[in-house]
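Enquirer: What follows is a predicted protein model with its sequence.
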Amino acid sequence: MRLVSYVSPEGPRAAIVRDGEIVDLHQNEPALPTDLGAVLAMGEDAWSFLRRVEDQGKALGETVRLTAPIPKPRKVICVGLNYADHAAETGATPPPEPVIFNKFPTAIIGPEEPIHLPADSDEVDYEAELVVVIGRSGRRIPEQEAMNHVAGYMCGNDVSARDWQLKKPGGQWLLGKSFDTFAPTGPYLVTKDEVENPHDLGIRLILNGNVMQDSRTSQFLFSIPRLIAYVSRVCTLEPGDLIFTGTPGGVGFTRNPPVFLKAGDVVEVEIEGIGKLRNPVAAP
């Protein structure tokens, strides 16, 4: 099942994509909320309604603009150095525990929305990532139960101002990762039942038609269950929370010469079985 959010005259709405058509959830099943995060919060109660909409719902019959599937997540959790090939290209020793940071939710944008280059940075980089969407609340979740808390997966781009992240005093990871528009996600939330093995998916980043990152999630140093168990030792994970699971090798700042985003670029994140997320790059 591919879930999306789209722009309507009444505001953001949740829908299913069926054979390329948009099927609004609330219009077809009033018991379902208009917000996709609220649908996820219904847990198992939502599934019978969702399946009925997928099978019998009436499509909109018009073209709509998609937004980020989860437009306003409460938490955007990110993992650093979670691919063996990325750790190798940066010269870093693989960490013994996950390296966790976060982005502000105001960085979230959807497909086709522009990544705006900030006036305060000259070194804006790309990072293709598999994003895990939490579907069930929990704290101190045992690793063996962690996948029960996953709703599905999205493509994501952990856009990063390297001059802030790496060259500011102390390293401004949070601010360097949190400029507005620095967290594109989408176009779909693919439910976990559609993904046989999230730990063996092809993942690529394409910049202006050129493949810059090309790897597989089998390069993960820490599995999705390990990440969920680790983070939930500290905070309660809630429906709609996002976990960016790290990026593979091929990022711009490790290249010789470095490759940074510029106005007019087009960045695409493509993940096997999940979809392709496309975003243009715009001046400040």
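Expert: Received it, and whenever you're ready, just let me know what you need. These numbers were taken from a predicted model, which means no experiment stands behind them.
Enquirer: in this structure, which spans are helices?
Expert: Here the chain has its helices, by DSSP state H, at 25-28, 36-41, 47-56, 84-90, 162-167, 173-177, 224-231.
Enquirer: can you list those helices in JSON lines and add mean neighbour count?
Expert: In short, each C-beta sits where N, CA and C put it, glycine included. As requested, the helices of the chain are exported to JSON lines (neighbours: other C-beta atoms under 10 Å):
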{"stretch": "helix 25-28", "mean neighbour count": "20"}
{"stretch": "helix 36-41", "mean neighbour count": "22"}
{"stretch": "helix 47-56", "mean neighbour count": "15"}
{"stretch": "helix 84-90", "mean neighbour count": "17"}
{"stretch": "helix 162-167", "mean neighbour count": "18"}
{"stretch": "helix 173-177", "mean neighbour count": "20"}
{"stretch": "helix 224-231", "mean neighbour count": "21"}
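Enquirer: Which residue ranges of the stretch 1-150 of the chain form strands?
Expert: Assigned by DSSP state E, counting those that start in this stretch, the strands in the stretch 1-150 of the chain fall at 2-8, 11-18, 21-24, 66-67, 76-80, 99-103, 108-109, 115-116, 124-125, 128-134, 150-157.
Enquirer: Can you say which of those strands is nearest to residue 174?
Expert: Among those, the nearest to residue 174 by C-beta to C-beta is strand 99-103 (6.5 Å).
Enquirer: who does the closest one pair up with?
Expert: strand 76-80 (antiparallel) (DSSP bridges).
Enquirer: who's in contact with residue 122?
Expert: 163, 260 (C-beta atoms under 8 Å, 6 or more residues apart in numbering).
Enquirer: and if you look at the one 3 residues further on?
Expert: Under the criterion of C-beta under 8 Å, 6+ apart, the contact partners of residue 125 comprise 159-162, 251-253, 260-261.
Enquirer: tell me the most buried of the strands of the stretch 1-150 of the chain?
Expert: Among the strands of the stretch 1-150 of the chain, strand 128-134 has the highest mean neighbour count (mean count of other C-beta atoms under 10 Å), at a mean of 28.
Enquirer: got the CA coordinates for that one in PDB?
Expert: Backbone C-alpha positions of strand 128-134 (Å, rounded to 0.1, in the frame of the first residue of the first chain) are rendered in PDB as follows:
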ATOM      1  CA  ALA A 128      20.200   9.500   0.000                       C
ATOM      2  CA  GLU A 129      18.500   7.700   2.900                       C
ATOM      3  CA  LEU A 130      15.900   5.100   3.700                       C
ATOM      4  CA  VAL A 131      13.400   6.700   6.100                       C
ATOM      5  CA  VAL A 132      11.600   4.500   8.600                       C
ATOM      6  CA  VAL A 133       8.100   5.700   9.700                       C
ATOM      7  CA  ILE A 134       7.000   4.700  13.200                       C
END
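Enquirer: Next, the angle strand 2-8 makes with that strand.
Expert: 90 degrees (axes from the mean of the first three to the mean of the last three C-alpha atoms, to 10 degrees).
Enquirer: what are the pairing partners of strand 128-134, and which direction each?
Expert: For strand 128-134, the paired strands and their directions (DSSP bridges) are strand 150-157 (antiparallel), strand 242-244 (antiparallel).
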